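Asks: structure here, sequence nowhere to be found:
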DNA sequence: TCAAAAGTGTTTGCTTTACACCCATGT
DNA sequence: ACATGGGTGTAAAGCAAACACTTTTGA
């Protein structure tokens, strides 16, 4: 978990860009996966003045670690906090910011002026993080005049800025390879959940089906779950047990 | 494999630092593991004027990708090329370059002058790569007056600059988790090798022992090896087969 | 009493591990 | 002949997949 320090928010973006508050040529991006029912989605943002969608991210303060910058920029743009953010790759090709770069358009529409050869118009490298959350929990996305937040199916991404489509796809690959109980147990499910919910979660993320009984045996053998009371839903079938993750 | 483009070498370091040839605040580092007999080593460099050892690395040109910068800086400092370099983590804490920073000492001894608040004295982030080679192949390390190259056991590292000990340790963790036939088959063994050599390689890197026959069955079942002629060593025992990796 | 969905047990088959034996080679 | 190390076969153990049956619940 990362603590968000937003003491820097008092400075405007223009001030920050012009007073060298940021580390030049460096950014962070966060791929936030949302899970609900049987769908895996990704959280994207779009500036109203710009055609293309981005993953939440931003620049890094000179006295701020990459990890902290990821947590902070995510919070500023989505109000999500205390997520289990994990670094997965740093994108550093030369031309990754050349195509579909919304910066000029954005700064112009904000009436911000920076030097025409300011580094934000040039090449910069970006370290990418990912996290998983349950997207049915009602998040109050910040109400700014600049941008809008929305969930997209990972199978049906819109036109995206920069190389952000590549970032999302690589994040998804990484997630599938590194899906473990730390990730799943962190933000994805409510505190109490049924075995079927856990199974659907795995099936959705990994894109494959498991057998009910074998899945249960496997997951219980890891001794990471505690069985709780039964859940009576009112439906005409046996009530399933609820479980919760044990702290290790 | 990465192609090395050293057209930039004509500019001196001082010129590069002062003419903004580099991307500010960004560097790359390469953890080169060497394998021989039953030892896993790591290649380190030391400037003569500086007490502490570093992994080979350097700064990134403005028109150069991170991957290319890793290959280039490695080549410049060790003359190693065509290695299978793989990115594994980006180190971005605020104070990682504060401690044991050899830059002032180094530039002074080189009689290079840069602005006292030049970014190389400040914080910078570093993307780390690793590769594996057979360190018995005689490498002609470049003969510079500035630095010396040497192999160190991963279990017995010397005093290191910056956070490079942490980088080596994380690289080793990553290597052990991601040891596959692409890595092993790339630079580690001679073209023809015995099953025992391959087994020793795995045992050395992973730090555990396997049974001769079971290891052989497992590795042959992957259909990645081609059996060649026998190797007569002159010793009083059955001659082992040689193998080579199949191109996939 | 029935359908739906969850819980639990058992059988089967495969992969990994362990043990055993045989073969080639130079002294 | 014999010691040394490599090649190969087989039994035992462990794990995962598939299948079958029982239990609970509300209509």
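Replies: Cool, got the structure. All figures in this text were calculated on a predicted structure; none of them were measured in a lab.

Asks: quick check: bridge partners of the residue nearest the centre of chain A?
Replies: Among the residues of chain A, the one closest to the centroid is residue A:32, at 1.6 Å (C-alpha atoms, centre = their mean). For residue A:32, the beta-bridge partners are residue A:131 (DSSP bridges).

Asks: now do the contacts for it.
Replies: A:42, A:43, A:55, A:56, A:74, A:78, A:80, A:83, A:130, A:131, A:132, A:133 (C-beta atoms under 8 Å, 6 or more residues apart in numbering or on different chains). Any C-beta I mention is one placed from the backbone N, CA and C, and that applies to glycine too.

Asks: looking at those, which is nearest DNA strand C?
Replies: Nearest to DNA strand C among the contacts of residue A:32 is residue A:132, at 22.3 Å by C-beta to the nearest atom of the strand.

Asks: and the residue in chain A positioned nearest to DNA strand D, what does it touch?
Replies: In chain A, the residue that lies nearest DNA strand D is residue A:238 (3.0 Å; C-beta to the nearest atom of the strand). Residue A:238 makes contact with no residue, according to C-beta under 8 Å, 6+ apart.

Asks: rerun that using 10 Å as the cut-off
Replies: Residue A:238 sits next to residue A:230 when contact means C-beta atoms under 10 Å, 6 or more residues apart in numbering or on different chains.

Asks: a helix runs through residue A:27, doesn't it?
Replies: No - counting by DSSP: H, G, I helix; E, B strand; the rest coil, residue A:27 is located in no helix; its state is strand.

Asks: how about it, what does it touch?
Replies: A:57-60, A:66, A:69-70, A:73, A:91, A:97, A:120, A:124-128, A:162.

Asks: can you say which of those residues are buried?
Replies: Using 16 or more other C-beta atoms under 10 Å in any protein chain shown as the burial test, the contacts of residue A:27 include A:57-60, A:66, A:69-70, A:73, A:91, A:97, A:120, A:124-128, A:162 as buried.

Asks: and stretch A:47-55 with chain B, contact?
Replies: No - Stretch A:47-55 is not in contact with chain B by C-beta under 10 Å from any C-beta of the partner chain; minimum separation 16.8 Å.

Asks: worst-scoring helix or strand of chain A, pLDDT-wise?
Replies: The weakest-scoring helix or strand in chain A, judged by mean pLDDT, DSSP states H and E, is helix A:13-18 (a mean of 66).

Asks: helix or strand for residue A:59, just tell me which one.
Replies: Residue A:59 belongs to strand A:57-61 when elements are defined using DSSP states H and E.

Asks: in strands, which of the buried ones among the contacts of residue A:27 fall?
Replies: Mapping these onto strands (DSSP state E) picks out A:57, A:58, A:59, A:60, A:91, A:125, A:126, A:127, A:128.

Asks: name the nearest residue to the fourth one, ignoring sequence neighbours.
Replies: It refers to residue A:60. Spatially, and ignoring its direct neighbours in sequence, residue A:60 is nearest to residue A:69 (4.0 Å; C-beta to C-beta, 6 or more residues apart in numbering or on different chains).

Asks: for that neighbour, give me its contacts.
Replies: By C-beta under 10 Å, 6+ apart, residue A:69 lies in contact with A:2, A:22-23, A:26-28, A:30, A:57-61, A:127, A:129, B:92.

Asks: same deal with residue A:241?
Replies: Counting by C-beta under 10 Å, 6+ apart, residue A:241 touches A:192, A:194, A:195, A:225, A:227, A:228, A:229, A:230, A:231.

Asks: who does it form a beta bridge with?
Replies: Applying DSSP bridges to residue A:241 yields these beta-bridge partners: residue A:230.

Asks: quick one, strands of chain A?
Replies: Secondary structure of chain A (DSSP E): strands at A:22-36, A:39-47, A:57-61, A:86-91, A:125-134, A:147-153, A:193-194, A:225-230, A:241-245.

Asks: residue B:151: which of those strands is closest?
Replies: In terms of C-beta to C-beta, the element of those nearest to residue B:151 is strand A:86-91, at 27.5 Å.

Asks: helices or strands up against the closest one?
Replies: For strand A:86-91, the packing partners by 3 or more C-beta pairs under 10 Å, 6 or more residues apart in numbering or on different chains; DSSP states H and E come out as strand A:22-36, helix A:66-78, strand A:125-134, helix A:164-177, helix A:181-187, strand B:86-91, strand B:125-134.

Asks: angle of the second one against strand B:125-134?
Replies: Going back to what we said before, that points to helix A:66-78. 130 degrees (axes from the mean of the first three to the mean of the last three C-alpha atoms, to 10 degrees).
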